[in-house]
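Engineer: Would you be able to build a 3D model of this:
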Amino acid sequence: MRSVVTGGAGFLGSHLCDYLLDEGHEVVAIDNLVTGSTNNIAHLFGNERFTFVKHDVTEFIYLPGPVDFVLHFASPASPVDYLRLPIQTLKVGSLGTHKALGLAKHKKARFLLASTSEVYGDPEVHPQREDYWGNVNTIGYRGVYDEAKRFAEAMTMAYHRYHSVDTRIVRIFNTYGPRMRLDDGRALPNFISQALNGERLTVYGDGRQTRSFCYVSDLIRGIYALLMSDEVLPVNIGNPDEVTIYDAAVEVLELARKLGVKNAQRSSVELVPMPKENADDPKVRQPDIDKARRLLGWEPAVARTDGFTDTIRYFIERC
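Structural biologist: Next up, the predicted model:
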């Protein structure tokens with residue numbers, strides 16, 4: 001089996017490359033390295049079943065030889081990145097999805113789209129089920145990411161219905177783990193970076209907004225199960241263990257101290273005003289994963305404390 005992973009040098013894409021190789025696939029990773037890094041895949045460069053192609057997937061994708069699977073993971077995924085790269089984010093969600101689907105159509109390959117819980121916006125339904133259409137501010141700061149992914153889902157279903165492309169859509173909820181960037185801009189890397197540097201852990205607003213954090217190995221396992229399933233409509237993959245952002249910051253700080261991070265002894269958790277860019281920040285986020293349990297036999301296995309600990313250790317080793 002030969003698989004193409006766009007965004008293959010990114011946080012999730014690189015873990016997906018590892019998993020596919022372990023499952024016996026030949027893997028072609030495509031990335032323009034705008035937010036990805038070859039450091040994430042350097043350990044694979046000696047593997048004869050792995051190929052890296054530096055390419056912008058918003059341009060035509062030429063790839064000789066057969067392809068069995070195309071997994072489209074190329075996109076800025078953190079607020080810091082998509083607020084810095086709003087046009088590129090919209091282009092990779094639209095043009096990039098179009099080009100990746102075109103490759104799948106040409107090669108008669110199965111296509112999997114990495115969508116996101118952000119398609120639900122600031123939800124009025126909790127927890128979020130796949131049949132909820134969402135509450136998104138199309139002209140807000142976050143709209144460039146939310147609408148790019150919503151459009152990508154629509155494009156994927158259009159190719160499925162009108163070109164008979166065999167497609168899958170995974171809606172990914174907040175994921176964390178090794179290979180995230182410390183300057184990623186998402187909550188957990190921010191908290192860990194601040195704890196390692198002895199700074200205050202800054203929580204926006206009142207800190208009562210919630211997230212459901214899924215460890216990366218659980219997510220990748222769920223994605224592969226979906227890829228090999230017969231389900232065409234979107235499937236949530238995430239951990240329903242919901243926690244407030246404030247409590248998550250407290251947990252990170254306590255774990256950093258237990259792991260011997262001396263600077264963390266002088267850190268504290270503090271509330272700061274919500275930036276205008278975060279005006280549409282979801283107040284709650286929790287996946288309903290009944291569909292994944294029922295159709296894929298999947299559910300998360302890594303406890304939040306264990307996952308947080310592994311992630312903090314990863315950053316300690318690299319700082």
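Engineer: just checking, residue 4 is part of a helix?
Structural biologist: No - counting by DSSP: H, G, I helix; E, B strand; the rest coil, residue 4 is not found in a helix; it is strand.
Engineer: And the strands in the protein?
Structural biologist: Along the chain, counting by DSSP state E, strands occupy 2-6, 26-31, 50-54, 69-72, 110-116, 167-172, 175-176, 201-204, 210-212, 214-215, 235-237, 242-244, 269-272.
Engineer: which residues are contacting the first one?
Structural biologist: Read it as strand 2-6. Strand 2-6 has contacts (Cβ atoms under 8 Å, 6 or more residues apart in numbering) with 13, 16-17, 20, 25-31, 57, 63, 65-74, 96, 100, 103, 109. The way it works is simple: take the backbone N, C-alpha and C, and place the C-beta from them, glycine included.
Engineer: Can you select the buried ones from those residues in ChimeraX?
Structural biologist: Filtering these down to the buried ones (16 or more other Cβ atoms under 10 Å) takes a single ChimeraX command:
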select :13,16,17,20,25,26,27,28,29,30,31,57,63,67,69,70,71,72,73,74,96,100,103,109
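Engineer: Off-centre distance for whichever helix in the chain runs longest?
Structural biologist: If each helix of the chain is counted by residues according to DSSP state H, the longest one is helix 143-163. Taking Cα atoms, centre = their mean, to the nearest Å, one finds helix 143-163 lying 17 Å from the centre of the chain it belongs to.
Engineer: do stretch 66-85 as well
Structural biologist: Distance, centroid of stretch 66-85 to centroid of chain: 8 Å (Cα atoms, centre = their mean).
Engineer: same deal with stretch 13-31?
Structural biologist: 16 Å.
Engineer: tell me the contacts of residue 166?
Structural biologist: By Cβ under 8 Å, 6+ apart, the residues touching residue 166 are 104, 109-111, 160.
Engineer: Widest-spaced pair of the residues you listed?
Structural biologist: 109 and 160 (12.9 Å; Cβ to Cβ).
Engineer: quick one on the thing from earlier: between the strands of the chain, which one is nearest to residue 282?
Structural biologist: Smallest distance to residue 282 across those (Cβ to Cβ): 8.3 Å, for strand 210-212.
Engineer: who does the closest one pair up with?
Structural biologist: Partners of strand 210-212 in the sheet, by DSSP bridges, are strand 242-244 (antiparallel).
Engineer: Sounds good, over and out.
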